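**Student:** Return atomic coordinates for the entry below.
(one chain, ligands or ions: 2)
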Amino acid sequence: MPSNSSPEPGFARARFVLPRAPDGSDAVYLAGNSLGAQPHAAREALLSAVDEQWARVGVAGWEACGWWATPQRLGDRVGALVGAAPGQVVVGDSTSVQLFGLLIAAARLRPDRHVLLSDAGHFPTDRYLATSVARLTGLTLRTTSPDAMAPDADTAVVAVPAVDFRTGERWDLATIVDRAHEAGAVVVADLSHAVGVMPVDLDALGVDLAVGCTYKYLNGGPGAPAFAYVATRHHEVLDPPLTGWTGHADPFGMTEAWTPAPGVGRLRVGTPPMLSMLALDGALGVFDDVDLAGVRAASLALGDAFLEALPAGTDVVTPREHERRGGHVAVRVRDADGMCAALARRGVVVDARPPDLLRFGFAAPYVTLDDARTAAGELAALLWSAS
Ligand SMILES: Cc1ncc(COP(=O)(O)O)c(C=O)c1O
Ligand SMILES: Nc1ccccc1C(=O)C[C@H](N)C(=O)O
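**Tutor:** Ligands and ions are numbered 1, 2, ... in the order given. Next comes the predicted model:
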């Protein structure tokens, strides 16, 4: 099928089921930056995995249904969405587990250095894990905003998100990677808020290691497995801490000692969660015949329509410039939780983050321009009645 290079906002809406509004209609669903809506194909893939594969094939499914190879097969599918040539991405485990493994593996790539530099505003799991990894490895954790990072000859690892989970600010990965590499440090990027909503060119940027979740803009479903990326140049030296049997070079040899699988396969840990994996496999079909630059343009158009429809004086914390914006727009309000609940009662699903932010996610496959304007109108009505 030819690739759709200029998809309209809502271009794949018919391929999704949307959560219900209180009146029973489809909600204006702007929470795809937390949990993407359900693609029909994800449900179908899941049902088929349950009814035809698990039920009727049973244990032979590891080979006959291709289950065993799925972490790398799906890895290549996700890899194509983050600019990774085949063989560098594996899917499985949670973002947190993958991140833990990669932060330690990154530290092991620079054994003579002493500093782990991380984003001060990183998502909590990233901050908590960086703290633990620093304790385990003996590195000193230093935190700062990604744009203020100044790695030096003692910096082992630079850990950054592609997009700030709170403000929706998109960081300049190219500059961050260049600075890190000039200092000889290794970059670990968290793409959770970028994958599926904008193109990311991991190979071209020279990112060393990356993780990301698949339940937001990739619509893989609650708890969908995360992905991990390792640039080919690190494959043979990468020394991961989670030496599970499925990352062994010969898992069924059941040998005494752990020998890493060649390449990114060594990041496999335990038995992959096949049902979640196959739901994700179905969900990824949404991106098969569409150009991500077009998805990004449609998402930005949604954000613009939302911003233009907001009343003057609304406290928008997300930068308005396209190149500095991710997939969601955050607005500062007095009572974010109350406002979030009030919007939900009006059929607009968003989320709130402490202390005072409402986040509006613009997942172009199923969000329309009307949705974006409705959300702005409902927010305006609430702000007006609260003032
Ligand atoms: C940047 C970032 N990293 C990680 C996570 C989550 O990690 P996990 O999938 O392990 O819950 C999120 C959101 O939940 C996130 O926004
Ligand atoms: N995984 C979740 C499970 C339950 C509730 C929210 C999440 C999120 O994804 C939060 C998101 N990462 C955020 O940017 O706040």
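
**Student:** what's near enough to touch His234?
**Tutor:** 109, 208-209 (CB atoms under 8 Å, 6 or more residues apart in numbering). From N, CA and C alone the C-beta is placed, and that goes for glycine too.

**Student:** actually Val57, not the one I typed
**Tutor:** Applying CB under 8 Å, 6+ apart, the residues contacting Val57 are 64-65.

**Student:** you'd agree it is in a helix?
**Tutor:** Yes. Using DSSP: H, G, I helix; E, B strand; the rest coil, the assignment for Val57 is a helix.

**Student:** need the contacts of His234 in JSON lines with pLDDT, can you?
**Tutor:** Below are these laid out as JSON lines (pLDDT from 0 to 100):
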{"residue": "Leu109", "pLDDT": "98"}
{"residue": "Asp208", "pLDDT": "98"}
{"residue": "Leu209", "pLDDT": "98"}
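
**Student:** Show the pLDDT at the closest residue to Gly87 other than its chain neighbours.
**Tutor:** Excluding the flanking residues, the one nearest Gly87 by CB to CB, 6 or more residues apart in numbering is Gly263, at 5.8 Å. pLDDT, Gly263: 95.

**Student:** what's the burial count for Gly263?
**Tutor:** For Gly263, the neighbour count with other CB atoms under 10 Å is 17.

**Student:** Might you report the residue contacts of it?
**Tutor:** 87-88, 230, 232, 235.

**Student:** quick one: the longest strand along the chain near ligand 2?
**Tutor:** Ranked by residue count under DSSP state E, the longest strand found in the chain is strand 155-161. No. Judged by CB under 6 Å from any ligand atom, strand 155-161 and ligand 2 are separated, with a smallest distance of 9.6 Å.

**Student:** Same check on stretch 339-346?
**Tutor:** No. Stretch 339-346 stays clear of ligand 2 (CB under 6 Å from any ligand atom), getting no nearer than 12.5 Å.

**Student:** any residues touching that stretch, and which ones?
**Tutor:** Counting by CB under 8 Å, 6+ apart, 21-22, 333, 349-352, 358, 375, 378-379, 382, 386 sit against stretch 339-346.

**Student:** What are the buried residues along it?
**Tutor:** With burial defined by 16 or more other CB atoms under 10 Å, the residues of stretch 339-346 counted as buried are 339-340, 342-344, 346.

**Student:** can you tell me the helix or strand for the residue of the chain found nearest ligand 2?
**Tutor:** Distances between the chain and ligand 2 by CB to the nearest ligand atom are smallest at Phe165, namely 3.8 Å. For Phe165, there is no host helix or strand (DSSP states H and E).

**Student:** Which parts of this protein are helices?
**Tutor:** 40-48, 55-57, 61-64, 70-79, 95-109, 124-137, 173-182, 202-205, 274-283, 292-309, 336-345, 369-386 (DSSP state H).

**Student:** Just checking: what are the partner strands of the longest strand of the chain?
**Tutor:** strand 115-119 (parallel), strand 186-190 (parallel) (DSSP bridges).

**Student:** who in the stretch 1-150 of the chain is up against ligand 1?
**Tutor:** Within the stretch 1-150 of the chain, the positions lying close to ligand 1 (CB under 6 Å from any ligand atom) are 94-96, 123, 125-126.

**Student:** can you put those residues in TSV and add neighbour count and pLDDT?
**Tutor:** Below are these laid out as TSV (neighbours: other CB atoms under 10 Å; pLDDT from 0 to 100):
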residue	neighbour count	pLDDT
Ser94	17	98
Thr95	23	98
Ser96	17	98
Phe123	20	98
Thr125	17	98
Asp126	24	98
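
**Student:** And Asp208, its phi and psi?
**Tutor:** phi -80, psi -50 (degrees, to the nearest 10).

**Student:** residues contacting the closest residue to Ser3 other than its chain neighbours?
**Tutor:** Excluding its sequence neighbours, the residue lying closest to Ser3 (CB to CB, 6+ apart) is Asp291, at 5.0 Å. Asp291 sits next to 3-7 when contact means CB under 8 Å, 6+ apart.

**Student:** and if we set it to 10 Å?
**Tutor:** Asp291 makes contacts with 3-7, 199, 297, as judged by CB atoms under 10 Å, 6 or more residues apart in numbering.

**Student:** measure it to Thr246 for me?
**Tutor:** Distance of Asp291 to Thr246, given as CB to CB, to the nearest Å: 34 Å.

**Student:** same deal with Ser34?
**Tutor:** 29 Å.

**Student:** List the buried residues in stretch 298-315.
**Tutor:** In stretch 298-315, counting by 16+ other CB under 10 Å, buried: 298-307, 309-310.

**Student:** returning to that earlier point: any chance of the residues of the stretch 1-150 of the chain next to ligand 1 in TSV, plus distance to ligand 2?
**Tutor:** Shown next, in TSV, are those (distance: CB to the nearest ligand atom, whole Å):
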residue	distance to ligand 2
Ser94	9
Thr95	8
Ser96	10
Phe123	6
Thr125	8
Asp126	10
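
**Student:** List just the nearest of those residues to Val195.
**Tutor:** Thr95 (10.7 Å; CB to CB).
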